[in-house]
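In: okay, predicted coordinates and the sequence, questions at the end:
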Number of protein chains: 2
Amino acid sequence: MTTIRGVYAAALTPMKDDLSPDLPALVRHYKWLLASGCDGLAPLGTTGEANSFSVDERLAVIDALGASGIPMAKTIVGTGSCAIPDSVRLTKRVLEAGGRDVLVLPPFYYKKVSEDGLFASFAETIARVGDERLRLYVYQFPQMTGLDLSLELIERLIKAFPKTVVGIKDSSGNWANMEAMCKRFPGFEVFPGSERFLLAGLRAGGVGCISATTNLTAPMAAKVFAQWKGADADRLQAELTAVREVLEGFPAIAALKAVLARHSGHGTWRNIRPPLARLDEAQTRDLFAKLAATPFAPAKAA
Amino acid sequence: MTTIRGVYAAALTPMKDDLSPDLPALVRHYKWLLASGCDGLAPLGTTGEANSFSVDERLAVIDALGASGIPMAKTIVGTGSCAIPDSVRLTKRVLEAGGRDVLVLPPFYYKKVSEDGLFASFAETIARVGDERLRLYVYQFPQMTGLDLSLELIERLIKAFPKTVVGIKDSSGNWANMEAMCKRFPGFEVFPGSERFLLAGLRAGGVGCISATTNLTAPMAAKVFAQWKGADADRLQAELTAVREVLEGFPAIAALKAVLARHSGHGTWRNIRPPLARLDEAQTRDLFAKLAATPFAPAKAA
């Protein structure tokens, strides 16, 4: 029987004006997310701009998380990198910080690589970490990696590492693939990468969602999760999806940061690392106007 | 007037059985390439599996190169990473080693980023390096990065950093784009990313080529370069292209390593880091048979 995990935020990384991670602000944001309806956090993923940070910067984020008092059991920390030694180093640091759950991209520089090569990447990472506590979530995001992790590959990984490869975050947007994994791999924890699929995922046997936009929609997503077996579930999901759809019309990370800057009163929230760029003024006005026409109501600012 | 640079090899990285870079073998290989007809080297590019190595491993390669006695003026070292701080750290190390010329990918994790965001990535890298000696070659390889660097972006970079952004390696395979850059940006050093375009590139005003396959074809490419204004140029280019075409039918890096393993007698040459994988036996036989039907003749083994 799969444990249901609930609503996770792919947590944003606030930055100082020099674009280094603002660690105190980051811990405040993580705690605010947990207080706003999130069951857990996925720091240092795509939304956290992890691959725009050096390994040292990412290690500092893991250390800040470990020292924050946030239970590491509520976190799934992104550690996937192009280079296996970097993924290994980051993963070991999560284990040292008391965590077990990591979210691992395939090495994403090369394209058209073989399934054997992808399998070997995960196998080599697991072997080098060499720790039985490790619980690895595969991170499927073909729109960023250019690599599609097939059901056959997932099955092979589960069979080879049944206690280690425990789940997936599927950000492909391909619902048929998520549903197929829920059916085909009992006990394997399938997190859709968007709260758009929260209700459908739970009904299909998924465990929740890990989403960028739950940095804002956590209170609404929490309602869907709390009432997913109730009569109101579809209406609550529809409201949540309406907000998600607005956010999908903008560069996601910049849009989330623009809303948090307004909401918190801290303009530094708009800091973002190239190649990503802030929303311009016209985009920002458009976003705020469109959001105002939805049922969006953010949690109280921290 | 643009200085013609000649034939550069995007140098392979030999690895020990634990997949760490074999630094003595690497220096031997670099020297062998220069003795085999290469005018220069581009270590730590795509062919060098740079993004499969940690920053520390790449720093060790740069240090080994700097200590090798190879003139750094003959090198263009790959330093582009997903994360700007990593690109900066590697670039600074090249400068410390006496080099000036680096080959820089755009940060390649995020896709569909804006031209402003790409411009800002290069600008931020240049500002953080903060060294007037720097000569930056933009690395265009949309098949791997998922990012196409437009002529408008290149023009903007040249105008903003005329003494720093001095050239490009264009591995897109899009000849029209290479030709357009040769015409539109006088003095800008255009390196086609394949010796297939060596002769055409020189005739159009390019400066040579930087290619994976010149790890093997250096003697043949050197002949084209030496005689590019002569009556025999087209015939020599056709022979070179015939070899290149065979190699293009296989996963390039694994194929080059398989040939070098046979040629040198060192089986460790086949070591390759996941997600890349060795050629299997059938592929290897097929490759060797097809190469034997071309005019391919490698330089004497080191």
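Out: Great, that's in hand. In this text the structure is predicted, and so the values were computed from the model without any measurement. Numbers count the residues shown, from 1 in each chain, chains lettered A, B, ... in the order given.

In: measure stretch A:155-168 end to end?
Out: End-to-end distance of stretch A:155-168 (C-alpha to C-alpha, to the nearest Å): 12 Å.

In: what segments of the stretch 101-250 of chain A are helices?
Out: For the stretch 101-250 of chain A, the helices defined by DSSP state H, counting those that start in this stretch cover A:115-129, A:142-145, A:151-160, A:175-184, A:198-204, A:214-226, A:233-248.

In: among those, which is the most enclosed?
Out: Comparing the helices of the stretch 101-250 of chain A by mean neighbour count (mean count of other C-beta atoms under 10 Å in any protein chain shown), helix A:214-226 comes out on top with a mean of 25. For every residue, glycine as well, the C-beta is placed using N, CA and C.

In: report the angle between the axes of that helix and helix A:233-248?
Out: Relative orientation of helix A:214-226 versus helix A:233-248 (axes from the mean of the first three to the mean of the last three C-alpha atoms, to 10 degrees): 170 degrees.

In: distance from the chain centre to helix A:214-226, please.
Out: 14 Å (C-alpha atoms, centre = their mean, to the nearest Å).

In: ok, stretch A:139-146 next?
Out: Worked out by C-alpha atoms, centre = their mean, stretch A:139-146 lies 13 Å from the chain centre.

In: again with stretch A:48-64
Out: Worked out by C-alpha atoms, centre = their mean, stretch A:48-64 lies 15 Å from the chain centre.

In: that stretch: which residues count as buried?
Out: Neighbour counts over stretch A:48-64 (16 or more other C-beta atoms under 10 Å in any protein chain shown) mark A:48-55, A:57-62, A:64 as buried.

In: the strand or helix carrying A:Ala282 close to chain B?
Out: Under the criterion of DSSP states H and E, A:Ala282 resides in helix A:281-292. No - Helix A:281-292 stays clear of chain B (C-beta under 8 Å from any C-beta of the partner chain), getting no nearer than 10.8 Å.

In: get me the contact residues on chain A for chain B.
Out: A:19, A:46, A:51-57, A:82-86, A:89, A:106-111, A:113-114, A:116-118, A:120-121, A:123-124, A:143-144, A:146, A:251, A:273-277.

In: just send the helices of the stretch 101-250 of chain A back as TSV, with mean pLDDT too.
Out: As requested, the helices of the stretch 101-250 of chain A are exported to TSV (pLDDT from 0 to 100):
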stretch	mean pLDDT
helix A:115-129	98
helix A:142-145	97
helix A:151-160	98
helix A:175-184	98
helix A:198-204	97
helix A:214-226	97
helix A:233-248	97
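
In: of the ones you listed, which is nearest B:Ala289?
Out: helix A:115-129 (22.9 Å; C-beta to C-beta).

In: against which helices or strands is that closest one packed?
Out: Other elements packing on helix A:115-129 under the criterion 3 or more C-beta pairs under 8 Å, 6 or more residues apart in numbering or on different chains; DSSP states H and E are helix A:84-96, strand A:135-140, helix A:151-160.

In: tell me what the last one is packed against?
Out: Right, helix A:151-160. helix A:115-129, strand A:165-170, helix A:175-184.

In: same question, the shortest one
Out: Helices and strands touching strand A:135-140, as assessed by 3+ C-beta pairs under 8 Å, 6+ apart, comprise strand A:101-104, helix A:115-129, strand A:165-170.

In: rerun at 7 Å
Out: The contact analysis (3 or more C-beta pairs under 7 Å, 6 or more residues apart in numbering or on different chains; DSSP states H and E) places strand A:135-140 against strand A:101-104, strand A:165-170.

In: out of the ones you listed, which is closest to B:Val207?
Out: Between these, strand A:101-104 lies closest to B:Val207; by C-beta to C-beta that is 40.9 Å.

In: which secondary structure elements does the closest one contact?
Out: So strand A:101-104, by 3+ C-beta pairs under 7 Å, 6+ apart, packs with strand A:77-78, helix A:84-96, strand A:135-140.

In: these into JSON lines, with extra columns for mean pLDDT?
Out: Output for the helices and strands packed on strand A:101-104, formatted as JSON lines (pLDDT from 0 to 100):
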{"stretch": "strand A:77-78", "mean pLDDT": "98"}
{"stretch": "helix A:84-96", "mean pLDDT": "98"}
{"stretch": "strand A:135-140", "mean pLDDT": "98"}
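
In: would you mind finding the most buried of those?
Out: strand A:77-78 (a mean of 30).

In: tell me which strands that strand pairs with, and in which orientation.
Out: strand A:101-104 (parallel) (DSSP bridges).

In: need the residues that contact the partner strand.
Out: A:42, A:45, A:75-80, A:87, A:91, A:94, A:125, A:135-139, A:169 (C-beta atoms under 7 Å, 6 or more residues apart in numbering or on different chains).

In: and if you look at stretch A:143-159?
Out: By C-beta under 7 Å, 6+ apart, stretch A:143-159 touches A:46, A:105-106, A:108, A:111, A:113, A:115, A:118-119, A:122, A:138, A:140, A:142, A:165, A:168, A:180-181, A:184-185, A:188, B:109-111, B:146.
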